[in-house]
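K.L.:
below are the sequence and a predicted model for it; my questions follow.
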Amino acid sequence: MTRTMDVPADLREASAELVAATRALMLAAATTTADADTVRAARATIAELAETLGVRPRSRVLRPPFDGPSRSRDTGGREPWALFTHNPMGIPLEIHFGADEARARLVANALHEGPPDSVHGGFSAHLLDCMLGTLMQARGSRSLTASLDLRYLRRTPLDEPLDLYSRIVETEGRKTVAEGWIECRGERTVEARGVFVRVEE
Ligand SMILES: CCCCCCCCCCCCCC(=O)SCCNC(=O)CCNC(=O)[C@H](O)C(C)(C)COP(=O)(O)OP(=O)(O)OC[C@H]1O[C@@H](n2cnc3c(N)ncnc32)[C@H](O)[C@@H]1OP(=O)(O)O
């Protein structure tokens, strides 16, 4: 495992910029209306880049420090925690923490489509697991998701601002129950309830 703190700040910054550009490339590749020659030329350029970047790869993506979310929480929500800065597969979120709750805003795009014009249910589960799990982390708890129950109330639209929330419900021994939801235009589209179990270091 390579932690972000183990690499120079300049490389961290360059990596985050590369990952953001890669996400933009993923969306452009998936939605392009360019002609076949342009698409093939782009593929060749991308293959070349993959070769350049793929020399001596790390076995894992750069891992941010465990206490990043709790340091963000200590700012009282002023400095959000940016999730998936170094992983283009994750949906990037900027999470604002309160003491026992968190919120984030996101506009999902064509890459996240499940039902027509709507967010894929698996991506909603991913987003809510992140909202709940990161809140646990922000409270300093090394916990894993033991269960995550979801209720899909209505479709979650693409290309519109979505508000994501999570909050702690109760803690008993090693177990914490947390809940979260996604809202669009003030209406809940998905609700989640998760059980998190504290594990050893
Ligand atoms: C080394 C790791 C460091 C972690 C750092 C985190 C960084 C963040 C990473 C980002 C993460 C992002 C998020 C992710 O992606 S998390 C990734 C997805 N989750 C996992 O991979 C977890 C896999 N499962 C496990 O590791 C174990 O099963 C766990 C740890 C969950 C419990 O196994 P363990 O053997 O330890 O527990 P226990 O059997 O002694 O039970 C203990 C208590 O828990 C209760 N219980 C158990 N299961 C369930 C359940 N399904 N529903 C309700 N309750 C359940 C059980 O009844 C008991 O309660 P009680 O009888 O005491 O009342």
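P.N.:
Sure thing, it's come through.
K.L.:
all contacts plus neighbour counts: C-alpha atoms, from now on.
P.N.:
Will do.
K.L.:
partner residues bridging the closest residue to R151 other than its chain neighbours?
P.N.:
Excluding the flanking residues, the one nearest R151 by Cα to Cα, 6 or more residues apart in numbering is E191, at 5.2 Å. Counting by DSSP bridges, E191 is bridged to R151, W181.
K.L.:
now M131: how far from T32?
P.N.:
As judged by Cα to Cα, to the nearest Å, M131 and T32 stand 31 Å apart.
K.L.:
give me the more crowded residue out of those two.
P.N.:
Between M131 and T32, counted using other Cα atoms under 10 Å, the more crowded position is M131 (27 against 12).
K.L.:
CA atoms only: put the helix or strand harbouring that one into PDB for me.
P.N.:
For M131, the host element (DSSP states H and E) is helix 121-138. Taking Å, rounded to 0.1, in the frame of the first residue of the first chain, the C-alpha atoms of helix 121-138 are listed here in PDB:
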ATOM      1  CA  GLY A 121     -29.000   1.500  -8.400                       C
ATOM      2  CA  GLY A 122     -25.500   0.100  -7.800                       C
ATOM      3  CA  PHE A 123     -24.000   3.500  -8.100                       C
ATOM      4  CA  SER A 124     -26.500   4.900  -5.600                       C
ATOM      5  CA  ALA A 125     -25.500   2.100  -3.200                       C
ATOM      6  CA  HIS A 126     -21.900   3.000  -3.800                       C
ATOM      7  CA  LEU A 127     -22.600   6.700  -3.000                       C
ATOM      8  CA  LEU A 128     -24.500   5.900   0.100                       C
ATOM      9  CA  ASP A 129     -22.000   3.400   1.400                       C
ATOM     10  CA  CYS A 130     -19.400   6.200   1.000                       C
ATOM     11  CA  MET A 131     -21.600   8.700   2.800                       C
ATOM     12  CA  LEU A 132     -22.200   6.400   5.700                       C
ATOM     13  CA  GLY A 133     -18.700   4.800   5.800                       C
ATOM     14  CA  THR A 134     -16.800   8.100   5.600                       C
ATOM     15  CA  LEU A 135     -18.900   9.500   8.400                       C
ATOM     16  CA  MET A 136     -17.800   6.600  10.500                       C
ATOM     17  CA  GLN A 137     -14.200   7.300   9.500                       C
ATOM     18  CA  ALA A 138     -14.700  11.000  10.300                       C
END
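K.L.:
starting at the chain centroid, how far to that helix?
P.N.:
From the chain centre to the centre of helix 121-138 is a distance of 8 Å (Cα atoms, centre = their mean, to the nearest Å).
K.L.:
ok, the residue lying farthest from the centre of the chain to A24 distance?
P.N.:
Centroid-distance maximum for the chain: D37 at 34.1 Å, with Cα atoms, centre = their mean. D37 sits 21 Å away from A24, going by Cα to Cα.
K.L.:
same question, F84
P.N.:
14 Å.
K.L.:
do the same with S166
P.N.:
28 Å.
K.L.:
tally up the residues packed near R142, please.
P.N.:
16.
K.L.:
find the nearest non-adjacent residue to it, please.
P.N.:
Nearest to R142 is R198, by Cα to Cα, 6+ apart, at 5.5 Å.
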